[in-house]
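Enquirer: Requesting a structural model of the entry that follows:
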Amino acid sequence: MGKIKVAIVGVGNCASALVQGIHYYREKDPKEAIGLIHWDIGGYRPSDIEVSAAFDIDQRKVGKTVFEAIFAEPNCTTVFFRDFPDSDIRVSQGPILDGVSDHMQDYEEEVRFLPAPGDGLSQQEIVEVLKTSKTRVLMNYLPVGSEKATAFYAECALKARVAFVNNIPVFIASNPEWAARFSQQKIPLIGDDIMSQLGATITHRALTELFKQRGVSLERTYQLNTGGNTDFLNMLNRDRLRSKKESKTEAVQAVARTRLTDANIHVGPSDYVPWQKDNKICFIRMEGKLMGNIPMHLDLRLSVEDSPNSAGVGIDVIRCAALAMDRNLGGILEGPCAIFCKHPPVPHSNEEAYQMTESFIRCEE
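Expert: Here you go, the predicted structure:
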């Protein structure tokens, strides 16, 4: 079926885990391919994904090959694959726009961004890179809060006619105006805010659905998250955190029997702990009432390597976007958005989203 050529915006920890994962599974037997939701999606296997271009603003990555850049500081995710082939795909310099928070300059160089000199490529130049590289899917891994920069690259995707996957909580797929533009041009759009394979949000959602299914009244809940990567450092700027908090909160509210008041639900990144690196620790508490109005509570602690947890889903998202391109489908992909993202345009229960995505893969929609 040919290769799925993918361009990456933001060569950070998530991009590192994604690129490592693509190559890690190349030589695997399907029976040994632990850690993927799907081995085959519409005839596409992980080995059919190929990085065609990449964009970043950090001087330690710009100009390097993708395989070199994914290990450059401030990246700190676990390294589980290094045996890459020779490559001439180099990281191009994109514009900063609002992609870097000012407060990050207060931290040491090994944990923050070091912007390369100059303005970076123009929109026209980036579109040309996407076209000449025969890119089919553009993956947005910019830092949380990069609203102008995300809109910039979404526009690039439209002009280059490539599918756009918005992995961050800037609302593109869930914005009717953007969704309409992608639909009118028959370009696939998946978003917003990728939901990890087995992370805090999907676990919190599953427990919330369990409360509903078992007749337990959920009265209050919180989800607290700490981590030590650039994502958590970036989100110390609470102004950039607003959309992330909305995205994660709505993911839980969408499956509750009754929506909780703002005073009774708190979901969101909580603090930056440098020594945690790319490990994320999540604390979930849920308080409710059982039969006879008797109180109960649940406390859960989840520890995961954050970026590989995201990349396992990214490999599926890319292939779903490519399938849509093959089938000349444009606009939001409702099933994949709902199962793979925290803030989809149309929310569904986990089971509904799963079944819709399986139907999409089998071309039953």
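Enquirer: just the helices in this structure please.
Expert: With DSSP state H as the definition, the chain shows helices at residue ranges 13-24, 66-69, 123-132, 147-160, 176-184, 200-213, 230-234, 238-253, 306-326, 334-340, 350-361.
Enquirer: Report the mean confidence score over the second one.
Expert: On average, the pLDDT along helix 66-69 is 98.
Enquirer: Which other helices and strands does it contact?
Expert: strand 49-56 (3 or more Cβ pairs under 8 Å, 6 or more residues apart in numbering; DSSP states H and E). Just so you know, the C-beta spots here come from the backbone N, C-alpha and C atoms, and that holds for glycine as well.
Enquirer: What's the separation between Tyr25 and Val317?
Expert: 15 Å (Cβ to Cβ, to the nearest Å).
Enquirer: Between these two, tell me which one has more neighbours.
Expert: More crowded of Tyr25 and Val317, by other Cβ atoms under 10 Å: Val317, with 26 against 21.
Enquirer: list the contacts for that one?
Expert: By Cβ atoms under 8 Å, 6 or more residues apart in numbering, Val317 lies in contact with 165, 167, 190, 194, 336, 340.
Enquirer: And Gly314, by the same measure?
Expert: 14, 18, 21, 139, 165, 167, 194.
Enquirer: How about His297?
Expert: The neighbourhood of His297, defined by Cβ under 8 Å, 6+ apart, consists of 285-288.
Enquirer: Where does the prediction get shaky in the stretch 1-150 of the chain?
Expert: 1 (pLDDT under 70).
Enquirer: Would you map the strands across it?
Expert: Applying DSSP state E, counting those that start in this stretch to the stretch 1-150 of the chain gives strands spanning 4-9, 49-56, 91-93, 137-140.
Enquirer: any idea how far Asp299 is from the closest residue to Gly215 other than its chain neighbours?
Expert: Nearest residue to Gly215, sequence neighbours excluded (Cβ to Cβ, 6 or more residues apart in numbering): Met291, at 7.7 Å. Separation of Met291 from Asp299 (Cβ to Cβ): 21 Å.
Enquirer: From Tyr25, how far off is Lys31?
Expert: Taken as Cβ to Cβ, the span from Lys31 to Tyr25 is 12 Å.
Enquirer: ugh, wrong one, Gln213
Expert: Counting by Cβ to Cβ - Gln213 and Tyr25 are separated by 34 Å.
Enquirer: what does Gln185 give?
Expert: With Cβ to Cβ as the criterion, Gln185 and Tyr25 are 32 Å apart.
Enquirer: Equivalent analysis for Asn140, please.
Expert: Note on Asn140: its distance to Tyr25, by Cβ to Cβ, is 23 Å.
Enquirer: and what of Pro176?
Expert: Following Cβ to Cβ, the distance that separates Pro176 from Tyr25 is 36 Å.
Enquirer: coming back round to it: just curious, which of the contacts of His297 is nearest to Thr230?
Expert: Arg285 (27.6 Å; Cβ to Cβ).
Enquirer: can you pull the contacts of Gln253?
Expert: So Gln253 contacts 259-260, 265 (Cβ under 8 Å, 6+ apart).
Enquirer: swap in Ser122?
Expert: Contacts of Ser122 (Cβ under 8 Å, 6+ apart): Pro95.
Enquirer: what's across from the residue nearest to Asp88 when sequence neighbours are not counted in the sheet?
Expert: Once flanking residues are discounted, Asp88 sits nearest to Thr65: 7.1 Å by Cβ to Cβ, 6+ apart. Following DSSP bridges, Thr65 is listed with bridge partners Arg90.
Enquirer: isn't Thr65 right up against Ser87?
Expert: Yes - taking contacts as Cβ atoms under 8 Å, Thr65 lies within contact range of Ser87: 5.0 Å.
Enquirer: So between the two, which is more surrounded?
Expert: Taking neighbours as other Cβ under 10 Å, Thr65 and Ser87 compare with Thr65 leading, 17 against 12.
Enquirer: Against Glu287, how distant is the more buried one?
Expert: 51 Å.
Enquirer: Val62 now?
Expert: Taking Cβ to Cβ as the measure, Val62 and Glu287 are separated by 49 Å.
Enquirer: what about stretch 21-30, how long is it end to end?
Expert: 14 Å (Cα to Cα, to the nearest Å).
Enquirer: Using neighbour counts, pick out the buried residues of that stretch.
Expert: 21-25, 28 (16 or more other Cβ atoms under 10 Å).
Enquirer: for those, which one is nearest Ala54?
Expert: Ile22 (13.0 Å).
Enquirer: what about the residue nearest to the closest one when sequence neighbours are not counted, how many residues close to it?
Expert: Closest residue to Ile22 apart from its sequence neighbours, by Cβ to Cβ, 6+ apart: Ile49 at 4.9 Å. By the measure other Cβ under 10 Å, the count of residues near Ile49 is 26.
Enquirer: Now do the same contact list for Ile49.
Expert: 3-4, 6, 22, 315, 318-319.
Enquirer: Buried ones only from the residues you listed, please, as a ChimeraX command.
Expert: Remark: buried members of the contacts of Ile49, expressed as a ChimeraX selection using 16+ other Cβ under 10 Å:
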select :4,6,22,315,318,319
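Enquirer: Spatially, which two of the contacts of Ile49 are the most separated?
Expert: Checking these with Cβ to Cβ, the most distant pair is Lys3 and Ile315, at 13.9 Å.
Enquirer: re the thing from before, looking at the contacts of Gln253, which one is closest to Phe71?
Expert: Ile265 (38.6 Å).
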